[in-house]
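Chemist: Build me a model:
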Amino acid sequence: MGQKDITEKILADYNDIFADIVNVLLFHGEETVKEDELQDQNTVSMYKAENTIHEQERDVSKVWKKGEVKISIFGLEHQTKKDVLMPLRVIGYDGISYRSQCLSDAKEYYPVITLVLNFSNTRWDKNKRLSECFHVPQELEPYFSDYKINVFDIAYLSETEVSLFKSDFRIVADYFVQVRTNKTYKPDKATIKHIDEVLKLMSVLTGDVRFEEVQKSERKVTNMCEVIDKFEAKGKVDALHFIIGLPPSEIAEKTNLSVNEVQSIIDMILSEKQDKTENK
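Modeler: Residues are numbered from 1 along each chain as shown. Sure thing, here's the model as predicted:
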């Protein structure tokens, strides 16, 4: 299993996160699925192809139960890249879940619902139906069941939709929406419950290793304002190391800034460094 999948599992495996995602994306924020009604579901399954046993694994899967009655199986699949074969993958995951029900001694059966979370900065423009994955001859169309998948573009959620999240997933969704719409991110001071898991997930989804560097630092953070403050502090230190020995004109060329802008940054960093030295 790749590091990306492991990291995503850590956060979404929490029942409060999982229930929150399902409630907002499927039930418009109504607390239809409660976190204490969710039970972990085996995410690993086996299948045989060309006389060889293969293993496939979902990102996260949980059973929704009310009392002793199983209502549904929910599966989450995280995507940072768009997969044209996603309908084939999802029908494979769902099919295994249905087959498991057939092989069990259960007296009642229940539906399987998969949510594909698209974390890219553009809308999902790849296949959403089986019929888009291959050509279906016209004479077979009346007999073909066109399976579709449920894709949610996280970066394209509305501000209202983002505000409906009650768990730490609101922080994640808000980041992607702001970066897409504003090309920047303005954090808030909301306390993050699963801080380590959120920062690890953000590091993987964005490719920005500073999230994980903050998570590993000695001074712990509790909200995204503190995270961004540490980003900026580290950036100034890095900039100070970078400018030593380099003329402003060369820095300007490397950073696409004007010489005046570079000189202003140098003066600010050196001034701050001098103030810290005098105050010691």
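
Chemist: Below-threshold pLDDT in the stretch 151-280 of the chain: ranges please.
Modeler: For the stretch 151-280 of the chain, the stretches with pLDDT under 70 are 218-219, 233-245, 254-257, 268-269, 272-280.

Chemist: Now with 90, please.
Modeler: Applying pLDDT under 90 to the stretch 151-280 of the chain flags the ranges 196, 200, 203-221, 226-280.

Chemist: Kindly report the same for the stretch 1-150 of the chain.
Modeler: Judged by pLDDT under 90, the stretches of the stretch 1-150 of the chain that qualify are 1-10, 40-59, 66-71, 96-97, 99-109.

Chemist: all helices of it, in order?
Modeler: For the stretch 1-150 of the chain, the helices defined by DSSP state H, counting those that start in this stretch occupy 3-12, 15-27, 86-103.

Chemist: and among those, the most buried is which?
Modeler: helix 15-27 (a mean of 21; mean count of other C-beta atoms under 10 Å). (Glycine included, C-beta is placed from N, CA and C.)

Chemist: And it, what does it pack against?
Modeler: Applying 3 or more C-beta pairs under 8 Å, 6 or more residues apart in numbering; DSSP states H and E, one finds that helix 15-27 makes contact with helix 3-12, strand 38-40, strand 60-66, strand 69-79, strand 112-118, helix 159-164, helix 169-182.

Chemist: got the angle for that helix vs helix 169-182?
Modeler: 50 degrees (axes from the mean of the first three to the mean of the last three C-alpha atoms, to 10 degrees).

Chemist: Check what contacts helix 15-27 and list those residues.
Modeler: 11-12, 29-38, 60, 62, 74, 76, 113, 115, 117, 152, 161, 164-170, 193-194 (C-beta atoms under 8 Å, 6 or more residues apart in numbering).

Chemist: Put the buried members of the residues you listed into a PyMOL selection.
Modeler: Per 16 or more other C-beta atoms under 10 Å, the buried members of the contacts of helix 15-27 correspond to this PyMOL selection:
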select buried, resi 11+12+29+33+35+37+38+60+62+74+76+115+117+152+161+164+165+167+168+169+170+194
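
Chemist: in the helix or strand where E212 lies, what's buried?
Modeler: Using DSSP states H and E, E212 sits within helix 210-216. Using 16+ other C-beta under 10 Å as the test for burial, helix 210-216 gives R210, F211, E212, V214, Q215.

Chemist: Test my guess that the fourth one contacts N223.
Modeler: The one in question is V214. No - V214 is not in contact with N223 according to C-beta atoms under 8 Å; the separation is 11.6 Å.

Chemist: picking that back up, dump the helices of the stretch 1-150 of the chain into TSV; add distance to V177 as well.
Modeler: Shown next, in TSV, are the helices of the stretch 1-150 of the chain (distance: least, C-beta to C-beta, whole Å):
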stretch	distance to V177
helix 3-12	18
helix 15-27	13
helix 86-103	22
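
Chemist: so which of the ones you listed gets nearest L157?
Modeler: helix 15-27 (8.5 Å; C-beta to C-beta).

Chemist: Now do the closest one against strand 112-118, angle only.
Modeler: Using the same axes, to 10 degrees: helix 15-27 against strand 112-118 is 90 degrees.

Chemist: how about helix 15-27 as CSV, C-alpha atoms only?
Modeler: Extracted in CSV, the C-alpha atoms of helix 15-27 (Å, rounded to 0.1, in the frame of the first residue of the first chain):
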residue,chain,number,x,y,z
ASN,A,15,-15.9,7.8,12.7
ASP,A,16,-16.6,11.5,13.3
ILE,A,17,-14.8,12.3,10.0
PHE,A,18,-16.4,9.5,8.0
ALA,A,19,-19.9,10.3,9.3
ASP,A,20,-19.4,14.0,8.6
ILE,A,21,-18.3,13.5,5.0
VAL,A,22,-21.3,11.2,4.3
ASN,A,23,-23.8,13.5,6.0
VAL,A,24,-22.7,16.6,4.2
LEU,A,25,-22.2,15.1,0.7
LEU,A,26,-25.3,12.9,0.7
PHE,A,27,-27.7,14.4,3.2
